[in-house]
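Chemist: The sequence isn't on hand, but the structure is:
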């Protein structure tokens with residue numbers, strides 16, 4: 001189970017790197033359009049979860065290093081937001097994969113704009129987006145499984161987290 005968790009952690013880190021780049025690009029946009037702040041918050045929480053859970057795995061589970069109790073709370077809070085993100089991604093990807101006519105309708109509505117901006121034909125863009133949907137579905141399932149295992153490991157290794165009166169030892 002630890003090996004599977006390690007593999008999932010590396011997958012999440014790969015995606016987290018690109019999500020972090022997206023967050024940095026969206027930051028300037030969010031100042032001009034406050035509606036983007038909610039999306040920015042969710043994606044940032046996913047990135048923070050990915051990195052903090054990996055740190056818990058690497059330093060805590062593998063090396064036995066202790067953490068402050070606040071680290072456990074930080075991981076859990078970001079995990080809940082990441083779980084919301086994974087569910088939304090799963091539902092969207094699964095829905096469009098099951099009913100490709102939804103994607104076709106969307107591409108028809110933006111066909112002239114997308115040909116000018118992407119340089120792809122409608123069929124090429126359809127195939128590209130379908131592949132992207134499968135990648136997002138895989139990511140959502142990986143993220144959900146990783147969160148499940150993280151909660152199990154947080155309970156199993158609860159001794160790694162010092163209670164508030166002993167936090168001064170760190």
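Modeler: Nice, thanks for sending it over. Fair warning: this is a prediction, and the values are worked out from it, not measured in the lab. Numbering: from 1, shown residues only.

Chemist: and the longest helix along the chain, what other elements does it pack with?
Modeler: The longest helix of the chain (DSSP state H) is helix 122-156. On a contact count with 3 or more CB pairs under 8 Å, 6 or more residues apart in numbering; DSSP states H and E, helix 122-156 meets helix 2-32, helix 37-55, helix 69-98, helix 100-109, helix 111-118. In short, each C-beta sits where N, CA and C put it, glycine included.

Chemist: Of those, flag the one that's most buried.
Modeler: Comparing the helices and strands packed on helix 122-156 by mean neighbour count (mean count of other CB atoms under 10 Å), helix 37-55 ranks first with a mean of 19.

Chemist: List the contacts of that helix.
Modeler: 9, 12-13, 15-16, 19-20, 22-23, 26-27, 30, 71, 74-75, 77-79, 81-82, 84-85, 143, 146-147, 150 (CB atoms under 8 Å, 6 or more residues apart in numbering).

Chemist: Skipping its backbone neighbours, what lies nearest residue 29 in space?
Modeler: Computed as CB to CB, 6 or more residues apart in numbering, the closest residue to residue 29 that is not its neighbour in sequence is residue 36, at 5.6 Å.

Chemist: do you know how far that neighbour is from residue 27?
Modeler: Taking CB to CB, to the nearest Å as the measure, residue 36 falls 9 Å from residue 27.

Chemist: Next up, the contacts around residue 6.
Modeler: Residues near residue 6 by CB under 8 Å, 6+ apart: residue 57.

Chemist: isn't the residue nearest to residue 29 right up against residue 25?
Modeler: No - because the distance of 10.9 Å does not satisfy CB atoms under 8 Å, residue 36 is recorded as not touching residue 25.

Chemist: Can you tell me how far the residue nearest to residue 29 is from residue 49?
Modeler: Counting by CB to CB, the gap from residue 36 to residue 49 is 20 Å.

Chemist: do you know how far the residue most central in space within the chain is from residue 156?
Modeler: Centroid-nearest residue in the chain, with CA atoms, centre = their mean: residue 46, separated by 4.2 Å. Residue 46 sits 23 Å away from residue 156, going by CB to CB.
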